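> Sequence and predicted structure below; questions after.
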Amino acid sequence: MTIYAYGGGLADWAMTTATADGVSLLTQLVPGAVITCWTEQVGGDQITDLATEDGLPVTQVTVSAGDEVYAAGTIPRFRAPHTSMWLSADGGPRLHVTTSDWPAVLADVLATATTAQQAASAAASSAAELAAESAVPAHVEALDPHAVYLNTSRGDARYPLRRPGLMSPLAEPIEVLRFASTPPAEAADVRQVWVTHLGIERLVAWLNERGYPRAEQVPGALWDAPYTSIVNYAGTGRAFLVQRRGPDNSRVDIGGIDVSGRVVTSEQAWSAVTVIDPNATGNYTASTAVGPAPLQLRWEADDIVRMQGRLTCTAVTAGHVLMRIPDQFLPQSARLITLPTTTGAAVPCELLVNGDVVARATVSGPLDLSVDDVTYARVVAEQDTGGWTLDYAGSGTPGTTSPITVTHSGVADRLYLLVISRSTATDPYTTVTDSAGNSWTRQTYAPTSGSVGRRIEMWTCIPATPFATVSAAFTGAATAYASLYEITGHHPSTPIDQVASDFRSASTTPTAVQVTPSGAGRLVVSACQANNNTIAQMTPSAGWIVLGSHSGGPAVAYQVDPPAGSPLGVSWTFANSVGSGHAIAALQPE
């Protein structure tokens, strides 16, 4: 550490000899000469850990060329870590110099000697007391035992400065704590703050064993807020921000308290509802006259979906699909909502799990129908499912190009039921595969031959490896449909109890296809395809709960724990009399 001063004194000049005007060995000043410092007159090591008077590190000193502080040829003030050195100007002979700090050095020596004498006297007078206890604890617990060393140049690591002075921006943290392993809950706190209140010492703030902050109000002083965030009068940042770190290690805002102290209810932008009047009745369009346009939705922070906007309707007809909300906003169970109109009438509607908003009453028009501030919870409604869970995992986009694919993040060891169908009876599926190479088994299908009804199939898989997509390959030109369901509570090796499938000729009330559960606690899933009916136009009989699927099909419903030994099936009611394909499976619990 460069602490001793040199240069800037009466004799601190850099000179050389030369011949001038016929006079030899004439002494001359050498402004700009380079001064190097050495440990010996000849040989030795060059001293390079020097510093300017302002503390800037240098390896050599430049003689002044003349300025308002130093005359030309003056060796400026600098510091070095030695009390004496050998100096050379421009590589010339070395001259011995000593520090100009000798008075201060001698004063420090005298003060140290005085302190040592006083300490020796004090130690002698308390020898009996010191003999009764350890010298090391006494040293640590005593008031500062060697204050002379506590200065800006040196010090004892156990006695840091109480308040650091003015400093430049840091290149690294002042203090870093790194634990070799996660501290247990019973480990000591990293830091504690105690306050004496009403004569009682209380712990009011601390960083626990893992560094998490804690604060507690002191009894009797409840006006003290444990945490206070003060936002600048012109500030725009949040007083409190919550972020989530994603799988890619990036951080995303997910909530908090805004600059005005209000809870942030949504991080999402409004998304437009683009599918309006999906059955092309011509009765429903997005209104642009008043309010937000087009129709929109967004997430709220508490898993609530909020809607806004209006529909312009020539009239509202029961059973019509008014609009279809985007997949990311689908409810996980059907919801009943009531929508006001500009004529004063109210239209009861059902929001299905496939996103269809279906009118359940007929109201004459013309009118505007509002969804302003309609909200619904995107959570599964409580159902009596025993030990089963049954979730709609998504549908493929209907089409005529093989294969049809459903995207879903599959989980190992769960049971997956894939219900696939065709718009005609004669075009079958050939294989079902997933992106992880798990095996899929066709459990039942109809029809086995002929052209009556619609094609319907059920495939299952208990994957050993998680998958990302499921694809069903097919032949023929008929439109393909596919919906995937994720199930838990099944028997791990023999999940299928009973299956059945069949086709039906054109009818609005086809005869149910049935299975007979062999025991209690079964989960029974029934599926149907009946083009040109849509899901909104296919109603199951009482006691069956509708599951999500694509608006074009297949229609799927389930029932839990039906009576064992009794035939069970769904009596579907269609809006249009058409042929249909039916499949049903009873699943065995674990």
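The structure has been received and is ready for your questions. Numbers count the residues shown, from 1 in each chain.
> Quick one: neighbours of residue 369, just the number.
Applying other C-beta atoms under 10 Å, we find 27 residues neighbouring residue 369. Any C-beta I mention is one placed from the backbone N, CA and C, and that applies to glycine too.
> in the sheet, who's paired with it?
Taking DSSP bridges as the rule, residue 369 bridges to residue 311, residue 341.
> How much space separates it from residue 305?
Using C-beta to C-beta, to the nearest Å, residue 369 is found at 18 Å from residue 305.
> which non-adjacent residue is nearest residue 70?
Leaving aside its sequence neighbours, residue 70 sits nearest to residue 64 (C-beta to C-beta, 6 or more residues apart in numbering; 3.8 Å).
> how close does the one you found sit to residue 52?
12 Å.
> again, but for residue 500
Distance check for residue 500 against residue 52: by C-beta to C-beta, it reads 95 Å.
> Compare neighbour counts for these two and give me the winner.
More neighbours surround residue 500 than the other of residue 500 and residue 52, with 18 against 15 (other C-beta under 10 Å).
> Which strand or helix spans the more buried one?
strand 496-507 (DSSP states H and E).
> Please identify the buried residues of that strand?
496-504 (16 or more other C-beta atoms under 10 Å).
> For it, which helices and strands make contact with it?
Judged by 3 or more C-beta pairs under 8 Å, 6 or more residues apart in numbering; DSSP states H and E, the packing partners of strand 496-507 are strand 441-446, strand 456-461, strand 514-515, strand 578-587.
> switch the cut-off to 10 Å
strand 441-446, strand 456-461, strand 514-515, strand 523-529, strand 568-569, strand 573-574, strand 578-587 (3 or more C-beta pairs under 10 Å, 6 or more residues apart in numbering; DSSP states H and E).
> which of those strands is buried the deepest?
Most buried of those by mean neighbour count (mean count of other C-beta atoms under 10 Å) is strand 523-529; its value is a mean of 28.
> Neighbouring strands of the following helix or strand past it in the sheet, and parallel or not?
As assigned by DSSP H and E, the chain's next helix or strand after strand 523-529 is strand 538-539. Counting by DSSP bridges, the strands paired with strand 538-539 are strand 573-574 (antiparallel).
> what's in contact with the strand it pairs with?
Taking contacts as C-beta atoms under 10 Å, 6 or more residues apart in numbering, the residues outside strand 573-574 that touch it are 506-510, 528, 530, 532-533, 537-541, 555, 580.
> give the contact list for residue 61.
Here residue 61 is in contact with 6-7, 14, 33-37, 50, 52, 75-78, 80, 87, 89 (C-beta under 10 Å, 6+ apart).
> Mind checking which of those are buried?
6-7, 14, 33, 35-37, 50, 75-78, 80, 87, 89.
> Sitting in strands, which of the residues you listed do you find?
Secondary structure from DSSP state E places 6, 35-37, 50, 78, 80, 87, 89 of the buried ones among the contacts of residue 61 in strands.
> any chance of these in CSV, with distance to residue 212 and pLDDT too?
Output for those, formatted as CSV (distance: C-beta to C-beta, whole Å; pLDDT from 0 to 100):
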residue, distance to residue 212, pLDDT
6, 52, 91
35, 56, 94
36, 55, 95
37, 52, 94
50, 47, 92
78, 49, 92
80, 48, 92
87, 58, 93
89, 62, 91
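> sorry, back to before: now do the contacts for the residue nearest to residue 70.
With contact set as C-beta under 10 Å, 6+ apart, residue 64 has these partners: 7-8, 13-14, 29, 31-33, 70-76.
> Among these, give me the pair with the biggest separation.
Spatially, the most separated pair among those is 8 and 32, at 16.9 Å (C-beta to C-beta).
> Between these two, point out the one with more neighbours.
Using other C-beta under 10 Å, the more surrounded residue of residue 8 and residue 32 is residue 8, with 16 against 13.
> what's the spacing between the closest residue to the more buried one other than its chain neighbours and residue 52?
Distance criterion C-beta to C-beta, 6+ apart; nearest residue to residue 8, sequence neighbours excluded, is residue 77 at 3.8 Å. Distance, residue 77 to residue 52, using C-beta to C-beta: 8 Å.
> Now list whatever residues contact both of the two.
7, 61.
> Just the pLDDT for residue 588.
With respect to pLDDT, residue 588 scores 94.
> contacting residues for it?
By C-beta under 10 Å, 6+ apart, the contact list for residue 588 reads 489-491, 493-498, 517-519, 521-523.
> before we move on, the earlier item: could you pick out the buried ones from the contacts of strand 573-574?
Counted by 16+ other C-beta under 10 Å, the contacts of strand 573-574 give 510, 528, 530, 533, 537-540, 555, 580 as buried.
> one step back: between the contacts of strand 573-574, which is closest to residue 43?
The closest of those, once distances to residue 43 are taken by C-beta to C-beta, is residue 555, at 99.3 Å.
> Not counting sequence-adjacent ones, nearest residue to the closest one?
Among residues not flanking residue 555 along the chain, residue 538 sits closest, at 4.3 Å (C-beta to C-beta, 6+ apart).
> repeat for residue 480
residue 404 is the one closest to residue 480 (C-beta to C-beta, 6+ apart), at 4.4 Å.
> burial of that neighbour, as a residue count?
There are 23 residues near residue 404, going by other C-beta under 10 Å.
> what's across from it in the sheet?
Under the criterion used (DSSP bridges), residue 404 bridges to residue 472.
> ditto for residue 97
Counting by DSSP bridges, residue 97 forms beta bridges with residue 85.
> What residues does it make contact with?
So residue 97 contacts 6-7, 9, 11-12, 37, 75, 80, 84-87 (C-beta under 10 Å, 6+ apart).
> could you redo the last one with a cut-off of 8 Å?
Neighbour list for residue 97: 6, 84-87 [criterion: C-beta atoms under 8 Å, 6 or more residues apart in numbering].
> Centre-most residue in this protein?
Residue closest to the mean C-alpha point of the chain, counted by C-alpha atoms, centre = their mean, is residue 244 at 1.8 Å.
> Nearest spatial neighbour of residue 259, chain-adjacent residues omitted?
Nearest one to residue 259, counting by C-beta to C-beta, 6+ apart, is residue 231 at 5.1 Å.
> and that neighbour, what helix or strand is that in?
Judged by DSSP H and E, residue 231 forms part of no helix or strand.
> Touching, it and residue 257? I think so.
No. Contact between residue 231 and residue 257 fails when scored by C-beta atoms under 8 Å: they sit 9.5 Å apart.
> intersection of neighbour lists for the two?
In contact with both residue 231 and residue 257: residue 239, using C-beta under 8 Å, 6+ apart.
> could you pull out the helices for the protein?
102-125, 127-131, 135-141 (DSSP state H).
> For the closest residue to residue 546 other than its chain neighbours, list each beta-bridge partner.
Residue nearest to residue 546 in three dimensions, not counting chain neighbours: residue 557, with 5.1 Å by C-beta to C-beta, 6+ apart. Counting by DSSP bridges, residue 557 forms beta bridges with residue 526, residue 546.
> show me what contacts residue 557?
525-526, 540, 544-547, 570.
> Which of those residues sits closest to residue 267?
residue 547 (29.9 Å).
> Contact partners for the nearest residue to that closest one once chain neighbours are set aside?
Nearest residue to residue 547 in three dimensions, chain neighbours excluded: residue 556, at 4.4 Å (C-beta to C-beta, 6+ apart). By C-beta under 8 Å, 6+ apart, the contact set of residue 556 is 419, 483, 485, 525-528, 546-549.
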